[in-house]
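# could you look at this predicted model? Sequence included:
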Amino acid sequence: MTVDPAPPAARTGAGRVAVVGGSVIGLACAWAIARAGLADEIVVHEPDDSGPDGVPASGAAWVAGGMLAPFSEAWPGEEAVFALGVDSLRRWPNLLSALEPYVPPGPPVRTATHTHMLAVDEADARDLDMAMEWAARQPDPTRQASGSGPGSGPAPGITEADLRRVTRRQLREAEPSLARVARAAYRMDSEGAVDNRVLLAALTRACRAEGVTWVRSAVTSLDDVDADRIVLAAGSGSAELAGLPVRPVKGEVLRLRARPGCEDPPRGVVRAFVRGRPLYLVPRDGGLVVGATQYEHGDDRQVTVAGVRDLLADAEMIFPGVGEYELAEAVAGLRPMSPDNLPFLGPDSTDPRLIHATGHGRNGIALTPVTVAAVWAELHAERGPAAARAAAPDRFTRG
């Protein structure tokens, strides 16, 4: 399957499909199901309509930086996480192409088409080099190995178009507004970012165009949902609804607006380790998004003084011109994290109605296309993406 969401096809799904959770994952799944004709009726259960056009403004997707970043987030030992991220990244062009007719007037969905990853001190540079060298050795899960059986070649690996080390001079040429503090730097030409709020608006429009409807009340039990199949995309709420080990992890984000005379923001996504703390700068129409704090504080959405202070201090070290920007918004969201940083994708092992599409952690937007593919495959009674098999919902309970 190469097109995301799936093209129109013969219906083999159910009469009524309910999607529990109406943020990016839920909306994308609902649109794909409707567009492919896999159900007579698709209903999104989402009580929050506080954002423009009725999109949820309390979920993680409203707060997110929108980065598409499997390479710059690679870490040794997370082979399954990396493979799933790469698979999803390869599907993004098709998703964006299909969604283009529904993008509202104004800024585009895609805001950056490359990423630079850098480290400020020697300790961070060693960690960055280790992570990037590991990523460069990994196979690309979307490319086939040469032949099968004994003597066949390994699957082709990551290319320089995905990940390559750059010199300080190359970094300055690409991003002249950055401070000259990098001890190590890498460039990822297949990464970048999408505008999370434009994406939410476009998906909402796309769902409405395909006849998807909404129920604006909270689901407290899946037993109360009237549907032949249920797609669970409720983020950290999935723990209570389905007993999944999903916990909320708080992340704070600043949205900055350029003022007259300010230095232009970076041309692409800039990610950095600053004194051991991760940071990202993501260009947006007329400004910049800055993150990414992470706190294990339960259901806490309050922005803290310390979080804002650290984000601004680290951002100014990387991009000195940020001090002249307007602080337009400080907001916190809850990322639905799993114990192994993988989401839960696919059918429930005990409830034949239930399909999981939840627990994406900090990668909900990045993993949207591969999640859609997994849900589509289940409703179509087909085998899903190979990279999604490690994210089976019963992986913590099966023997």
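Here it is on my side, so go on.

# what's the offset of stretch 120-136 from the middle of its chain?
For stretch 120-136, the distance from its own C-alpha centre to the chain's C-alpha centre is 23 Å (C-alpha atoms, centre = their mean, to the nearest Å).

# stretch 76-95 too?
In terms of C-alpha atoms, centre = their mean, the centre of stretch 76-95 is found 10 Å from the chain centre.

# average pLDDT across it?
Averaged across stretch 76-95, pLDDT comes to 97.

# now it: buried residues?
78, 80-92, 94-95 (16 or more other C-beta atoms under 10 Å). Heads up, the C-betas are built off the backbone N, CA and C, glycines and all.

# stretch 137-144 now?
Buried residues in stretch 137-144 (16+ other C-beta under 10 Å): Gln138, Pro139, Asp140, Pro141, Thr142.

# and stretch 118-133, by the same measure?
Result for stretch 118-133 [16+ other C-beta under 10 Å]: buried residues Leu118, Ala119, Val120, Asp124, Ala125, Asp127, Leu128, Ala131, Met132.

# got the contact list for that stretch?
Here stretch 118-133 makes contact (C-beta atoms under 8 Å, 6 or more residues apart in numbering) with 71, 74-76, 117, 163, 165, 171, 181-186, 270-276, 317-318.

# got the CA coordinates for it in PDB?
C-alpha atoms of stretch 118-133 as PDB (Å, rounded to 0.1, in the frame of the first residue of the first chain):
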ATOM      1  CA  LEU A 118      23.600  20.100  16.800                       C
ATOM      2  CA  ALA A 119      25.300  19.900  20.100                       C
ATOM      3  CA  VAL A 120      26.800  22.700  22.100                       C
ATOM      4  CA  ASP A 121      29.400  21.100  24.500                       C
ATOM      5  CA  GLU A 122      31.700  18.100  24.200                       C
ATOM      6  CA  ALA A 123      29.600  15.700  26.200                       C
ATOM      7  CA  ASP A 124      26.500  16.400  24.100                       C
ATOM      8  CA  ALA A 125      28.600  16.200  20.900                       C
ATOM      9  CA  ARG A 126      29.800  12.700  21.900                       C
ATOM     10  CA  ASP A 127      26.200  11.600  22.500                       C
ATOM     11  CA  LEU A 128      25.000  13.100  19.300                       C
ATOM     12  CA  ASP A 129      27.800  11.500  17.300                       C
ATOM     13  CA  MET A 130      27.000   8.100  18.900                       C
ATOM     14  CA  ALA A 131      23.200   8.400  18.100                       C
ATOM     15  CA  MET A 132      23.700   9.600  14.500                       C
ATOM     16  CA  GLU A 133      26.300   7.000  13.700                       C
END
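
# buried sites along stretch 103-115?
Quick answer for stretch 103-115 (16+ other C-beta under 10 Å): Val103, Val109, Arg110, Thr111, Ala112, His114, Thr115.

# hang on, the earlier thing: rebuild the buried residues of stretch 137-144 as JSON lines, extending it with pLDDT, distance to Thr159 and secondary structure.
Shown next, in JSON lines, are those (pLDDT from 0 to 100; distance: C-beta to C-beta, whole Å; DSSP: H, G, I helix; E, B strand; the rest coil):
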{"residue": "Gln138", "pLDDT": "95", "distance to Thr159": "12", "secondary structure": "coil"}
{"residue": "Pro139", "pLDDT": "93", "distance to Thr159": "12", "secondary structure": "strand"}
{"residue": "Asp140", "pLDDT": "93", "distance to Thr159": "8", "secondary structure": "coil"}
{"residue": "Pro141", "pLDDT": "91", "distance to Thr159": "14", "secondary structure": "coil"}
{"residue": "Thr142", "pLDDT": "87", "distance to Thr159": "12", "secondary structure": "coil"}
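
# nearest to Asp224, of the residues you listed?
Taking C-beta to C-beta as the measure, Asp224 lies nearest Pro141 of the buried residues of stretch 137-144, at 38.0 Å.

# many thanks, we can stop here.
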